[in-house]
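# Any chance you could fold what I've pasted below:
(one chain, ligands or ions: 1)
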Amino acid sequence: MEMRDSSAPEKAELIQQESQKFYKKYCDEYYKNVHLIQRLLTAVTDNKRIEDELKGISETLEDSNSKRKRRRRPANEISRHHKCPAIHCGKAYGSEGSLSQHVRLKHRSLYEEYSKGTLEKDQKMTKKEDLS
Ligand SMILES: [Zn+2]
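Residues are numbered from 1 along each chain as shown. Predicted structure coming up:
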């Protein structure tokens, strides 16, 4: 028992040194961990910000795409004043160009008459202009 007692203070000192070393290491690791958590949070925040930016960019792209698509009017909104002159056809178009294309493709003989008619009309108009 006496031998143990004499070495006890030395042992106690060693234990204290070891525990101090351990505590120092523990503190180092703890602060490293805190630092890592902060970096992780910064990375997560950056990631979120970039995600939001990308979302904004893709929304702008979608907007411009749908605007481009909307330029063409839907079929039911076009007022069809240009009716096909062919009997029993019943087709009507929003522009004279569309109608003449239809007539040219579907009623070839009528198209030739039709274009002749407009040609004559044009000639009459030029004559009128010449007179005045
Ligand atoms: Zn027709």
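# in what helix or strand does E18 lie?
Taking DSSP states H and E as the definition, one finds E18 inside helix 2-70.
# What is the subsequent helix or strand relative to that helix?
strand 82-83.
# Spell out whether that following strand and the ion are in contact.
No. For strand 82-83, no contact with the ion is found by CB under 5 Å from the ion; the gap never falls below 8.8 Å. In short, each C-beta sits where N, CA and C put it, glycine included.
# Tell me which strands that strand pairs with, and in which orientation.
strand 92-93 (antiparallel) (DSSP bridges).
# who's in contact with the partner strand?
80-84, 99, 102 (CB atoms under 8 Å, 6 or more residues apart in numbering).
# what residue ranges in this protein score low on pLDDT?
1-7, 67-72, 114, 117-132 (pLDDT under 70).
# domains for it, by residue range?
Taking automatic domain parsing as the domain assignment, the ranges for the chain are 27-59, 79-131.
# Up against the ion, what does this protein have?
Residues of the chain lying near the ion (CB under 5 Å from the ion): 84, 86, 89, 91.
# By neighbours, which of those wins?
Taking other CB atoms under 10 Å as the neighbour criterion, C84 ranks highest of the residues of the chain next to the ion with 18 neighbours.
# For the residue nearest to it when sequence neighbours are not counted, give me its contacts.
Excluding its sequence neighbours, the residue lying closest to C84 (CB to CB, 6 or more residues apart in numbering) is K91, at 4.2 Å. Contact partners of K91, counting by CB under 8 Å, 6+ apart, are 83-84, 99, 102, 106.
# neighbour-wise, which of those leads?
L99 (20 neighbours).
# pretty sure that one is in contact with H82, am I right?
Yes. The criterion here is CB atoms under 8 Å, and L99 meets it with H82 at 4.0 Å.
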